[in-house]
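Q: Here is my input; please provide its structure:
(4 chains)
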Number of protein chains: 2
Amino acid sequence: MSERDATTYPTDPIDLETRLTQDHHQSLKLWLRMLSTTVMIENEIRNRLRSEFDTTLPRFDLMAQLERHPDGLRMGELSKRMMVTGGNITGITDQLEQEGLVMRVTDKQDRRAYSVKLTPAGRKAFKTMASVHEAWIAELFSGLDAEQKSQMISLLSSVKSDLSAGNKQNEKE
Amino acid sequence: MSERDATTYPTDPIDLETRLTQDHHQSLKLWLRMLSTTVMIENEIRNRLRSEFDTTLPRFDLMAQLERHPDGLRMGELSKRMMVTGGNITGITDQLEQEGLVMRVTDKQDRRAYSVKLTPAGRKAFKTMASVHEAWIAELFSGLDAEQKSQMISLLSSVKSDLSAGNKQNEKE
DNA sequence: TATTGTTATACTCTATAACTATA
DNA sequence: TATAGTTATAGAGTATAACAATA
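A: Model prediction:
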């Protein structure tokens, strides 16, 4: 070690291990913070949806999906988009249909299938909820300015694309 | 409108409204991305914990809390930290105690209360799980480099501090 | 009286698997 | 046979409220 100068070897095994451990801790810290932040916001939104509109997050989500697809979505598509299995979609759709907020329209090409659509009443009810909901979200994220928000959106995209690549679950769109 | 040049008035109400709407949409986009990313990771971790260690996220969390507090935590403290109500803590603690992973130590000052601690077996089991868990997390976040991770950690802190300020729920620490 | 923790209960959300009816 | 959706069921995970023991 006599002639060695201050420069560390690039492949020094101890450094590599140290860096790996640091990375692991940093990832864990990031995950714990992300999880707890998300849970706090989710609980807040869930409570507000219940007390203000007597609805739940999955019901709101399903209506949001239909709002984005005015031609309607089939049960199977809703299942994929909401990341839950088919049986659950049937249950939520049943509720919303009974309340007159969505309707099942039989597909003429395939008589096994339905298109689920918002009814006019459902669209109206959703619009009201959605604008209040959007204001809540803006309020809860008011700690970030526009620049920081777009930073975070792109960082999250990197995480997510990595995830779906690993899982090979991104079949379409 | 004849004499008006290309410069918009700084206080133009339309611009203000436009900016507000844009901010709302951006916040909503951020939230939807954050939520779906978190759900995907959470599901992945939940499945792996079940198949590799036959345990659940709340059980893992409770043990993680105790690992960080070797002197033990009271039921009420666990409840606050895990953001769930007391009855649930009793249930999870019962399970883990039966399996010999945690123990209830009666408090000598206050005989209503317990300190819950990891048993030696529990500590050993947790260490094994925790290191594998940490590697999973590092893997799932490998789409970000160290710089991006610390950026995201600080962005999340801003969101979270804003949240707890609004809710006045940050009583200690 | 107030607090610590437990019990009992119910509800939401979820997955799985067997099923019906079409394709 | 395969697919779209339904039904039935079970199991997490959660909150609420009444309760016992102790402060």
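Q: With just CA atoms, put stretch A:19-36 into PDB.
A: Taking Å, rounded to 0.1, in the frame of the first residue of the first chain, the C-alpha atoms of stretch A:19-36 are listed here in PDB:
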ATOM      1  CA  ARG A  19     -22.800   1.600  -1.900                       C
ATOM      2  CA  LEU A  20     -25.200  -1.400  -2.400                       C
ATOM      3  CA  THR A  21     -26.200  -1.200   1.300                       C
ATOM      4  CA  GLN A  22     -26.700   2.500   1.100                       C
ATOM      5  CA  ASP A  23     -28.800   2.100  -2.000                       C
ATOM      6  CA  HIS A  24     -31.000  -0.500  -0.300                       C
ATOM      7  CA  HIS A  25     -31.500   1.700   2.700                       C
ATOM      8  CA  GLN A  26     -32.400   4.700   0.600                       C
ATOM      9  CA  SER A  27     -34.900   2.600  -1.500                       C
ATOM     10  CA  LEU A  28     -36.500   1.400   1.700                       C
ATOM     11  CA  LYS A  29     -36.700   4.900   3.100                       C
ATOM     12  CA  LEU A  30     -38.300   6.100  -0.100                       C
ATOM     13  CA  TRP A  31     -40.800   3.300  -0.100                       C
ATOM     14  CA  LEU A  32     -41.800   3.800   3.500                       C
ATOM     15  CA  ARG A  33     -42.300   7.500   2.900                       C
ATOM     16  CA  MET A  34     -44.300   6.900  -0.300                       C
ATOM     17  CA  LEU A  35     -46.500   4.300   1.400                       C
ATOM     18  CA  SER A  36     -47.300   6.300   4.400                       C
END
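Q: Please name the nearest non-neighbouring residue to residue A:31.
A: Distances taken as Cβ to Cβ, 6 or more residues apart in numbering or on different chains put residue B:137 closest to residue A:31, at 4.8 Å, once the chain neighbours are dropped. C-betas here are computed from N, CA, C, even on glycine.
Q: buried ones in the helix or strand harbouring the one you found?
A: Under the assignment given by DSSP states H and E, the secondary-structure element containing residue B:137 is helix B:120-140. Counting neighbours by 16 or more other Cβ atoms under 10 Å in any protein chain shown, one finds that the buried residues in helix B:120-140 are B:122-123, B:125-126, B:129, B:133-134, B:136-138, B:140.
Q: repeat for stretch A:150-159
A: Applying a neighbour-count criterion of 16+ other Cβ under 10 Å, the buried positions in stretch A:150-159 are A:151-153, A:155-156, A:158-159.
Q: residue boundaries of the helices in chain A?
A: A:13-53, A:57-68, A:75-81, A:86-98, A:120-140, A:146-167 (DSSP state H).
Q: Report pLDDT for residue A:80.
A: Residue A:80 is assigned 94 on the pLDDT scale.
Q: residue contacts, it?
A: Applying Cβ atoms under 8 Å, 6 or more residues apart in numbering or on different chains, one finds that residue A:80 lies in contact with no residue.
Q: just the one 5 residues further on next, same as before
A: The contact partners of residue A:85, taken as Cβ under 8 Å, 6+ apart, are residue A:79.
Q: Torsion angles phi and psi at the residue nearest to residue A:103 when sequence neighbours are not counted?
A: Once flanking residues are discounted, residue A:103 sits nearest to residue A:119: 5.3 Å by Cβ to Cβ, 6+ apart. Main-chain dihedrals, residue A:119, degrees, to the nearest 10: phi -80, psi 170.
Q: Up against DNA strand C, what does chain A have?
A: Residues of chain A lying near DNA strand C by Cβ under 7 Å from any atom of the strand: A:46, A:56-59, A:82-88, A:91, A:109-112.
Q: need the contact list for the residue lying closest to residue A:61 once chain neighbours are set aside.
A: Spatial nearest neighbour of residue A:61, excluding adjacent residues (Cβ to Cβ, 6+ apart): residue A:82 at 5.8 Å. Going by Cβ under 8 Å, 6+ apart, residue A:82 touches A:58, A:61-62, A:65, A:88-89.
Q: As CSV, those residues with neighbour count, distance to residue A:17 and pLDDT would be great.
A: Rendered in CSV, the data for the contacts of residue A:82 read as follows (neighbours: other Cβ atoms under 10 Å in any protein chain shown; distance: Cβ to Cβ, whole Å; pLDDT from 0 to 100):
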residue, neighbour count, distance to residue A:17, pLDDT
A:58, 15, 44, 94
A:61, 18, 44, 95
A:62, 27, 48, 96
A:65, 16, 46, 95
A:88, 14, 45, 95
A:89, 23, 48, 96
